[in-house]
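Undergrad: below: sequence and its predicted model.
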Amino acid sequence: MLLYNLPKFKWSKIKNLRIRCPKFWQNRIFGIVILTIFVSSVFGFISGIISGSYFYTEIKERLSELNIEIPEPQVIEKIIEKEYQPQTTQEEKIIQAVENVSPVVVSIVVTKDVRVLEEYWIYPFEGFPLQIPEYREKIEKKEIGGGTGFIVSEEGMILTNSHVVSDEEADYTVFTNDGKNYPAKVLARDSFRDLAVIKIENQKSFPLVKLGDSDKLQIGQTVIAIGNALGEFRNTVSVGVISGLGRTVTASGGGIIETLEDVIQTDAAINRGNSGGPLLNLKGEVIGVNFAMAEAAENIGFAIPVNKAKKDIEQVKTLGKIVYPYLGVYYCLIDEEVQKEYNLSVDYGAWVGRDRYCRSYEKAVVEGTAAAKAGLKEGDIILEFDGKKITAENSLAKIIMEYDPGDKVVLKILREGQEKIIQVVLDEMSQ
């Protein structure tokens, strides 16, 4: 009620007052106000510190009398981050490996003189209104295949697959990564391992690749494949992992069918034309020779372990050919299924005189061979080869390839229910 009776305030008086006030006093009043605020802030800050410290001390003493501890205020340390030092990444390793190895990877082009029919049109006789086709035979050099290889000696020796250079009547041309091409000659073929060594003729001082150790491979390890994909795209790179080790596969193509044991499986893309190309680890070392792919699947490729190729390379350098240890028997591997079917006393070993399906074979022991000289007979079961047990996973063919011609080995055999020991000196076989 009181508020309603207040006289109405006139703002014009304030305005008139400000207007009448001299400018000097206006500035002075403004400075006094600012100074007052500043001094109040300083004294407030100081008094806050003093009072806080006082009360903290008082409270701490009182609580300590009551056996209550106050945690000391934590000191926050400033963490200075060290400068980040990037490590070598997998991507950088792949790039470096490809850069180092690409100059030694070559494309192999296979050409051959082939007979072709040439069509041309003639008038059968004068005045005839229409032309008819006639054919004549001529010889043309045509590209009939191709593959990949890699240089393993400064003199231009190249390792590839035997099926790439299987035609003895064909000509082979090598294209290097810098676009140059050279004629090449086949020095030796190893059809048991699907390997071959060819050589660039009359050339020296080539870069060469470093061979790794395929016995140390692990499933899941990153690998790189390089090859002449589809016979068209040179030095195509694909990356994957080792998907399996010790595989046994039967590959076919170009009229050739072969079964290879103890090979590497990878999901790095292996395309047509990649045959003979290197499979690398991240160090840029060759750990396999690509040779086949599974057409009915996606990204299932196979490579021959490089340790199997080292012996071939060395033999070609020293002997000029590839030789194999040879026993001279036909046999079938025994497993539990074979044991049950034929009522055998053992579930392992090599059964002499049987084919791969354990059917009777017309020849058990080849005449004049190491097996014949040692007295092996049809029906014998070879249990061990030089102390190594023969199984489906560790076949006789796989074991024997670890030896050289002329090596003396001991065979444990089972003959008519009795175990016998036979000594054999391995023969030499070459292609």
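TA: Yep, that arrived.
Undergrad: can you count the residues close to residue 119?
TA: Residue 119: 8 surrounding residues under other CB atoms under 10 Å. Every residue, glycine included, has its C-beta placed from N, CA and C.
Undergrad: and if you look at residue 289?
TA: For residue 289, the neighbour count with other CB under 10 Å is 29.
Undergrad: and the end-to-end length of stretch 119-126?
TA: Its start and end residues considered, stretch 119-126 measures 20 Å (CA to CA, to the nearest Å).
Undergrad: scratch that, stretch 124-136
TA: With CA to CA as the measure, stretch 124-136 spans 15 Å from end to end.
Undergrad: now it, how far from the chain's geometric center?
TA: How far stretch 124-136 lies from its chain's middle: 60 Å, per CA atoms, centre = their mean, to the nearest Å.
Undergrad: okay, now the unreliable bits of this structure?
TA: Across the chain, the ranges flagged by pLDDT under 70 are 1-88, 120, 123, 128, 231, 252-257, 297, 431.
Undergrad: apply 80 and report the result again.
TA: Applying pLDDT under 80 to the chain flags the ranges 1-88, 113-141, 143-144, 202-204, 229-234, 250-259, 295-298, 356-357, 362, 430-431.
Undergrad: and it, what are its domains?
TA: 90-109+150-319, 325-430 (automatic domain parsing).
Undergrad: how about the ones you listed, which one is nearest residue 121?
TA: With CB to CB, the closest approach to residue 121 among these belongs to domain 90-109+150-319: 33.1 Å.
Undergrad: just the terminal-to-terminal distance for that closest one.
TA: OK, domain 90-109+150-319 end separation, CA to CA: 41 Å.
Undergrad: that domain: how far from the chain's middle?
TA: A distance of 12 Å separates the C-alpha centroid of domain 90-109+150-319 from that of its chain, computed with CA atoms, centre = their mean.
Undergrad: ok, residues contacting stretch 196-209?
TA: 101, 103-104, 108, 149-162, 164-165, 172, 174, 182-190, 276, 278, 285-286, 312-313, 316, 322 (CB atoms under 8 Å, 6 or more residues apart in numbering).
Undergrad: do I have it right that residue 135 meets residue 121?
TA: No. Assessed by CB atoms under 8 Å, residue 135 is found out of contact with residue 121, at 10.8 Å.
Undergrad: would you turn the domains of the chain into TSV with distance to residue 130?
TA: Listed next are these as TSV, based on distance: least, CB to CB, whole Å:
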stretch	distance to residue 130
domain 90-109+150-319	41
domain 325-430	60
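Undergrad: looking at those, which is buried most?
TA: domain 90-109+150-319 (a mean of 19; mean count of other CB atoms under 10 Å).
Undergrad: so which strand or helix has the residue nearest the centre of the chain?
TA: When CA atoms, centre = their mean is applied to the chain, the residue found nearest the centroid is residue 223 (1.9 Å). Using DSSP states H and E, residue 223 sits in strand 222-229.
Undergrad: same thing with residue 149?
TA: Assigning secondary structure by DSSP H and E places residue 149 in strand 132-151.
Undergrad: re the thing from before, so which of the domains of the chain is nearest residue 141?
TA: Minimum separation from residue 141 across the domains of the chain (CB to CB) falls at domain 90-109+150-319, 7.7 Å.
Undergrad: and residue 129, how far from residue 360?
TA: 70 Å (CB to CB, to the nearest Å).
Undergrad: go on, residue 206?
TA: For residue 206, the distance to residue 360 equals 52 Å [CB to CB].
Undergrad: now do residue 415
TA: In terms of CB to CB, residue 415 sits 17 Å off from residue 360.
Undergrad: likewise residue 319?
TA: According to CB to CB, residue 319 and residue 360 sit 37 Å apart.
Undergrad: and residue 373, by the same measure?
TA: Applying CB to CB, the value for residue 373 to residue 360 is 23 Å.
Undergrad: repeat that for residue 413.
TA: To residue 360, residue 413 is 18 Å away according to CB to CB.
Undergrad: contact partners for the nearest residue to residue 170 once chain neighbours are set aside?
TA: In space, and not counting its chain neighbours, residue 170 is closest to residue 112: 4.4 Å by CB to CB, 6 or more residues apart in numbering. For residue 112, the contacting residues are 141, 142, 144, 167, 169, 170, 171, by CB under 8 Å, 6+ apart.
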